[in-house]
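Undergrad: predicted model, plus sequence, below.
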Amino acid sequence: MATVEPKSTGVAPDQPQGAYFTVSIAQGSFIDTETVNGGRISPCVANDFATKPTTVAQSRLVSRGYLRYKKMIDVLQVRSNVRVVNIVTTYGSDAGDTPITTLAFGLVYENPDFVPTVGTDIDGGTNTTKALYIRDKITEALNTTWKEKMNVYDPTSNVGLIKDQDVTASAVHGTPGTIISAVTVAEASPDFAANTSGQLTADASLTYSAE
């Protein structure tokens with residue numbers, strides 16, 4: 001038997017492909033009031049909805065959800081470049097006043113050995129795997145106060161319907177344990193890596209966390 005490398009296709013069998021993790025955030029327990037804690041977390045902005053938010057207050061909730069999403073991506077790629085794939089948002093309807101209930105997506109880490117296997121979560125628990133470390137970074141984004149200038153859809157405006165406003169997004173719930181229990185992370189395929197034995201090295205994950 002022989003293996004022939006398909007050089008003409010540009011697919012190298014000895015190139016590490018990173019690591020693939022699945023993430024699901026069940027948001028039914030998150031705060032949904034018109035406060036800095038509302039808005040949950042979502043990659044959607046006002047213009048993504050078939051029916052846009054009907055008030056500025058509801059639009060700010062959408063902006064808060066998007067702000068948390070952006071910050072989550074920031075903290076997830078502190079150790080390694082990461083790519084978001086297969087994203088699915090679940091809403092009760094396609095109206096901007098409807099809160100998101102579930103956010104699911106995949107994460108492809110370029111250098112998985114740079115992702116620590118130890119750390120401390122937002123409730124003081126100890127992490128012992130890469131998946132738990134990733135969950136910690138997601139819950140950190142959901143338990144932190146962020147403030148940023150954002151585009152906020154204003155249905156009452158006569159000029160462009162967009163306002164440039166400071167938006168503050170705080171913890172999505174007052175109990176860290178509730179946030180943690182809402183987030184599920186799993187390594188989808190440990191074999192999402194190179195096919196040649198020379199590239200399939202032993203786990204050399206970092207054994208510390210600076211976070």
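TA: Received the coordinates, thanks.
Undergrad: roughly how far does residue 179 sit from residue 75?
TA: Taking CB to CB, to the nearest Å as the measure, residue 179 falls 14 Å from residue 75. Quick note: C-beta positions are derived from backbone N, CA and C, even for glycine.
Undergrad: these two: which is more packed in?
TA: residue 179 (25 against 16; other CB atoms under 10 Å).
Undergrad: so that one sits right up against residue 173, yeah?
TA: Yes - taking CB atoms under 8 Å as the definition, residue 179 is a contact partner of residue 173 at 5.3 Å.
Undergrad: helix, strand or coil for residue 186?
TA: strand (DSSP: H, G, I helix; E, B strand; the rest coil).
Undergrad: tell me, how many residues neighbour it?
TA: Applying other CB under 10 Å, we find 14 residues neighbouring residue 186.
Undergrad: now do the contacts for the spatially closest residue to it that is not a sequence neighbour.
TA: In this structure, residue 186 finds its nearest non-sequential neighbour in residue 22, 5.3 Å apart by CB to CB, 6 or more residues apart in numbering. Applying CB atoms under 8 Å, 6 or more residues apart in numbering to residue 22 gives the contacts 104-107, 185-186, 188.
Undergrad: adding pLDDT, write the residues you listed out as CSV.
TA: Output for the contacts of residue 22, formatted as CSV (pLDDT from 0 to 100):
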residue, pLDDT
104, 95
105, 93
106, 92
107, 92
185, 96
186, 93
188, 79
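Undergrad: what is the nearest of those to residue 119?
TA: The closest of the contacts of residue 22 to residue 119 turns out to be residue 185 (CB to CB; 12.9 Å).
Undergrad: and the gap between residue 181 and residue 121?
TA: 11 Å.
Undergrad: neighbour-wise, which of these two wins?
TA: In this view residue 181 and residue 121 are compared by other CB under 10 Å, and residue 121 has more residues nearby, 21 against 14.
Undergrad: can you classify the residue nearest to the more buried one when sequence neighbours are not counted as helix, strand or coil?
TA: Leaving aside its sequence neighbours, residue 121 sits nearest to residue 136 (CB to CB, 6+ apart; 4.6 Å). Using three-state DSSP, the structure places residue 136 in helix.
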